[in-house]
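1. Below are the sequence and a predicted model; questions follow.
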Amino acid sequence: MPSVMPKIAAVMGPTLAFLLDPEMTRMGADPSVANFAIGNPQEMPLPELVTALRDVLEPKDKNWFAYKLNEDSSQRTIAAGIQSRLGIAVRPEDVMVTNGGFGAIATSLRTLAGPGDEVIFISPPWFFYEALILAVGADPVRVGLRPPAFDLDSEAIAAAITARTAAVLVNTPHNPTGRVYPPEQLQGLADVLAEASRRHGRTIHLLSDEPYNRILFDGRTFTSPAAHYPATLLLYSYAKTLLAPGMRIGYIALAPDMPDAPALRDSLMLAQIMTGFAFANADLQYALPRLEKLSIDMAALQRRRDRLVPALLEMGYQTSLPEGTFYTMVRSPIPDDLEFSRLLRRHGVLVLPGTVVEVPGWFRISLTANDEMVERGIEGFRLALDAAATRT
Ligand code: PMP
């Protein structure tokens, strides 16, 4: 197989150009800029996170910093957390403790798909899905969500399935739209996958990328696709509840009725090694029982949403209240979202142009900004809108 890197470089071009743009880096470091570009922290880390990490750094035995795999204690903590929050009885041995959501996605793809296989992903996607599918030699197949609400489109997924389909990768709560898919839509998808698996004589696995499954607004509850479809791999990252994405810990958990679970479990463990030792670091695994209970201040996040979104609507922007995640999509007042994003930069506001996430004509706001940024940002959004209206 020739290197897939040229293809990956082409696919990642626009995202990397945005993320690595020197002006973006410079502005991101400037405290006077209202930074709504990506889900990075704009405040000091949770004090309880800092204490938990400090406590586990003191070695208790000679193996404290030895190689760590999917440690029993971590598997039990994670399985108990899934049981209490989602009501799903995952077996502890069916949990792989990964270095974040990236590791969970890459390991799952490496296990389930290879050259000749297709993996369906939904669009708008998270930036890295297509490249991660290409990285295992499989062919990415894009299926759009149904506008304007960005609903899951089971019929479109059904139409995209072929005899080569190995897996379908979905994301709920959904980055970038903030949608949380209701149980009916998840059941619709489960029915489609069960029927297609029977017809093609191969299990089509569902990869449920759900790092935001605890980032929910208005007292919403979350239903995982794993509760609807037995061949589901639940993929999680602690980066969102902790708002500490540089601390790499997440997991893969197999739904309780997963077909051939013991064999799949063994391949996943091997794939973690082949993915560059995609296990969570020792210190994070020791701290896990405490990390599992921690969360950013959801009331503050919701307060920012409830300040920013109505203010944008009042100015005349088209947007909506997200149901979950850190994000909301806003329609660009001019068709070219890249140009409008540049205009916003001139008024001290950083956003993610929709073009980067396959939604041209829109831009994405991250609510992980602090309160001050929200206030300054509102002024910047107003000035940029006026500037767009008076452009010739
Ligand atoms: N999936 C989605 C939808 C995400 O938004 C992210 C992070 N932005 C990830 C996966 C990866 O998570 P992590 O950085 O913790 O590996």
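-> Cool, the structure landed.

2. So Ala369 is in contact with Glu375, correct?
-> No. Applying CB atoms under 8 Å, one finds Ala369 not in contact with Glu375, separated by 9.9 Å. (C-beta placed from N, C-alpha, C; glycine too.)

3. so Ser208, which of the three states?
-> Of the three states, Ser208 takes strand under DSSP: H, G, I helix; E, B strand; the rest coil.

4. okay, now it: neighbour count?
-> For Ser208, the count of nearby residues is 27 (other CB atoms under 10 Å).

5. quick one: it and Ile122, what's the gap?
-> 12 Å (CB to CB, to the nearest Å).

6. Identify the contacts common to these two.
-> Val170, Asn171 (CB atoms under 8 Å, 6 or more residues apart in numbering).

7. re the thing from before, which of Ala369 and Glu375 has more neighbours?
-> Between Ala369 and Glu375, Ala369 has the larger neighbour count (other CB under 10 Å), namely 27 against 14.

8. Would you enumerate the residues in contact with Ser74?
-> Contacts for Ser74 (CB under 8 Å, 6+ apart) come out as Val95, Val97, Ala280, Gln285, Leu288.

9. which bits of this structure sit near the ligand?
-> Contact residues, the chain versus the ligand (CB under 6 Å from any ligand atom): 39, 100-102, 126, 171, 175, 209, 211, 237, 239, 245, 250.

10. what's the farthest-apart pair in those?
-> Distance extremes for those: the farthest pair is Asn171 and Pro245 at 16.1 Å, using CB to CB.

11. Which one's more surrounded, those two?
-> More crowded of Asn171 and Pro245, by other CB under 10 Å: Asn171, with 28 against 18.

12. Could you list everything the residue nearest to that one when sequence neighbours are not counted pairs with in the sheet?
-> Spatial nearest neighbour of Asn171, excluding adjacent residues (CB to CB, 6 or more residues apart in numbering): Asp209 at 4.3 Å. According to DSSP bridges, the residues that bridge with Asp209 are Asn171, Leu235.

13. Counting neighbours, what do you get for Asp209?
-> Using other CB under 10 Å, Asp209 has 27 other residues around it.

14. Test my guess that it contacts Ile105.
-> Yes. Using CB under 8 Å, Asp209 is in contact with Ile105, at 6.3 Å.

15. Overlap in contacts, the two.
-> By CB under 8 Å, 6+ apart, Asp209 and Ile105 have these common neighbours: Leu169, Leu235.

16. any idea how far Leu193 is from the residue nearest to Pro225 when sequence neighbours are not counted?
-> Once flanking residues are discounted, Pro225 sits nearest to Ser208: 4.2 Å by CB to CB, 6+ apart. Ser208 sits 12 Å away from Leu193, going by CB to CB.

17. One more: Ile120?
-> When distance is defined by CB to CB, Ile120 is 10 Å away from Leu193.

18. Next: Phe102.
-> On the measure of CB to CB, Phe102 and Leu193 end up 24 Å apart.

19. Tell me which stretches of the stretch 151-300 of the chain form strands.
-> Using DSSP state E, counting those that start in this stretch, the strands of the stretch 151-300 of the chain run over residues 165-171, 205-209, 232-237, 250-254.

20. Show me the domain layout of this protein.
-> Listed domain ranges for the chain are 5-46+296-389, 59-291 (source: automatic domain parsing).

21. Number of residues surrounding Ile38?
-> Counted with other CB under 10 Å, the neighbours of Ile38 add up to 19.

22. what residues are up against it?
-> Per CB under 8 Å, 6+ apart, neighbours of Ile38: Leu19, Leu352, Ser366.

23. Looking at those, which are in helices?
-> Among these, the members falling in helices (DSSP state H) are Leu19.

24. Can you add distance to Asp153 and neighbour count and give the contacts of Ile38 back as JSON lines?
-> Listed next are the contacts of Ile38 as JSON lines, based on distance: CB to CB, whole Å; neighbours: other CB atoms under 10 Å:
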{"residue": "Leu19", "distance to Asp153": "29", "neighbour count": "16"}
{"residue": "Leu352", "distance to Asp153": "23", "neighbour count": "26"}
{"residue": "Ser366", "distance to Asp153": "26", "neighbour count": "21"}
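
25. ok, the contacts of Ile38 vs Ile157, which is closest?
-> Nearest to Ile157 among the contacts of Ile38: Leu352, at 25.6 Å, using CB to CB.

26. got the contact list for the closest one?
-> Shown in contact with Leu352 (CB under 8 Å, 6+ apart): Phe18, Phe36, Ala37, Ile38, Pro176, Ser341, Phe363, Arg364, Ile365, Ser366.
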